[in-house]
Each structure stands twice: as C-alpha cells, then as structure tokens.
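Peer 1: Need the 3D shape of this:
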Amino acid sequence: MTDSDDRVLFEADHDTRIATITLNNAGRRNSYDAAMRDALARHLDRVAEDDDLTVVLLRGAGGVFSTGADMNNAYGWYGGEDNSKDQGGKAQTKKRPSQRRRLTVDRKSFGFYHNFMGFPKVTVGEISGYALGGGFEMALMCDIAVIGRGTEIGMPATRFLGPALGSLHMFFHRLGPVLARRLLLTGDIVDAGSLEHLGIFTETCDDAMVSARARYWAHKAAKMPADGVVIAKEAFRLVEQSQVYQGEEVASYLFHAYGTNLQFAPGEFNFVKTRAQYGTKEAFRRRDEHFHVPEPDVE
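Peer 2: Model (predicted):
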C-alpha cells in the first residue's frame, strides 16, 4: 500500500518490529493540514493492523517535530474560505464557517487525537525543535517521549482562538492544573529544559541526542511481548478513561468549535482578519507584538 502524500513518510522494519512515521513538511516546520493528518491516521492504522509491528516512532523531518495545524489558511480546515479576487485584484470577503460546520469538522479532527491517545501499539515520540499546538498535543500523548532541552513547546494558537483549544483533560492530566492554566491562558512558549524537573516527558536530553535516545526507547519497547503490549495499552486506556478522561472526546471538539467562532472586542487581536490584510508572516509578527508584555524591572 502506498500513500500519495509525500509530506508524511512511512517505513516499517519487521525485523525490529518498529515502524517510523515522519512528518515531512520541513519547509513549514512540519505544520500539517487536514490531508497530512489523514495520511498520518492511515499510516497509524497500518501499524495497528500489522501483527508484526509493536512500536511506532513518530518524528519530524529537518530537526523539527511539528508546529501543529497549518494556520496559513485558518478557515481552510472547514472548507469555508474563498480565495477568489475581484476584478481589481482585491481579495473577496471570506465566508465564516457556520457553527454546525465547525462542530462537524472538529468532531472528526479530535477523533484523530482521541484515537492517537488510545493507540493499541507503543508510541514513541522523537520531539525536537518545536512542538506547538497539535504537535505539542501529540508529544504529550505519546507513551514514551524523548525531547531536547532546547525544544520550544506550547499552545500559541490560544492567543487568537482562546484558551479552550485542544484536549483539555489531557493537558490538565499530563501537565498538572497549574502549568496547564499558565500555558493555555497566556499562550506562552517555553523551552522543554525549563520543565525538565516536572517529569512531563519520559526523557529530556541534549538536543543532539534526541534521535538516538528515541530510537533506544523504541527498541526497548519493541522487545516486549506483542500481545502483552496490546493488552496493556487497552488497560492503560481504561484506567485513564475511568479516572481522568470522562467526556474528553466531546469536550475537545465542542470547545474548539466554539473557540474558532470568537467575537473580538475592539483592541483584541484577530489573527484571521490580520492575516487576510497583511499575510501570514506579518500576522504572526503582529500577534507576537500584541501579546508581548515586558518583565518588570528588578531593582
């Protein structure tokens, strides 16, 4: 079986029982659109259905894990953006997706994250460079995650879509309520080394060692009895669902759909409007400028 989207690469080594999936969109820091996410899901299904594979190693090309959903076309995820221009070359007014459209699309989108979190084989994350937005979520959802100390992590999209983005229950469970609130309510990006003492990831190491250390953990997990791994993964999922994640799937897509339909007050930063006026790169610059608050002077 082949996949036409070469932005997601798949390799299976049945001798070691390890499959490797690589996000291969390095020119955009391995951000992904709906087609890439669907290709990733298909590759994961291949691993789940292959009795001779026990571990999937998830990584990004070019030394970057993933900066999450591609915001170059924010409404494009909902199929509701009109890129046409009038006779003068000016972009036409874009149609905002309806709430019913948002709910339909987000239910499918968060079904991917829900399935990844409960994936029946061992997931090992090779996390380097950036793990932002959906990339940060996947990093936290991996069974075993190796991250470089210099890797920048966070949910910056909360600055223009609100703090209810993402898998809220997972954030609170994996990060703890204090750090989860801090990252979601500020949109801060922090380096993984500053959180090493919290033990959020399996291993935090020098950036140059991430690939080798992730492969090491993948090989260790692949030595385990394959049936035992699958049974354990289902047991882990049952424990988390019963103790922590009740309603997680619904909460994730429901509040994300609401959050993408924010009404902005005067003086608040509107990323979609700014991007339409100035382009994506300038919109990100203006976002960072708007949200910058200088640290107080220390006397």
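Peer 1: The stretch 151-299 of the chain: strands as residue ranges?
Peer 2: Using DSSP state E, counting those that start in this stretch, the strands found in the stretch 151-299 of the chain span residues 152-154, 189-191, 203-205.
Peer 1: what stretches of this structure score poorly on pLDDT?
Peer 2: Counting by pLDDT under 70, the chain contains low-confidence residues at 1-4, 73-77, 80-95, 247-249.
Peer 1: change it to 80
Peer 2: 1-4, 71-97, 161-162, 164-166, 241, 243-261, 298-299 (pLDDT under 80).
Peer 1: Go through the strands of the stretch 151-299 of the chain and pick out the most buried.
Peer 2: Counting by mean count of other CB atoms under 10 Å, strand 152-154 has the highest mean neighbour count of these, with a mean of 21. In short, each C-beta sits where N, CA and C put it, glycine included.
Peer 1: And for that strand, what's in contact with it?
Peer 2: Residues from elsewhere that reach strand 152-154 (CB atoms under 8 Å, 6 or more residues apart in numbering): 129-132, 136, 139, 147, 183, 187-192, 195.
Peer 1: List the ones among these that fall in helices.
Peer 2: Among the contacts of strand 152-154, DSSP state H puts Phe136, Ala139, Leu183 in helices.
Peer 1: Of those, just say which sits nearest to Arg215.
Peer 2: Of all the ones in helices among the contacts of strand 152-154, Ala139 has the smallest distance to Arg215: 16.6 Å, by CB to CB.
Peer 1: The closest one touches Val146, doesn't it?
Peer 2: No. Between Ala139 and Val146 there is no contact under CB atoms under 8 Å: 9.9 Å.
Peer 1: Can I have the buried ones of the contacts of strand 152-154 as a ChimeraX selection?
Peer 2: Selecting only the buried entries of those in ChimeraX, with 16 or more other CB atoms under 10 Å as the criterion:
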select :129,130,131,132,136,139,147,183,187,189,192,195
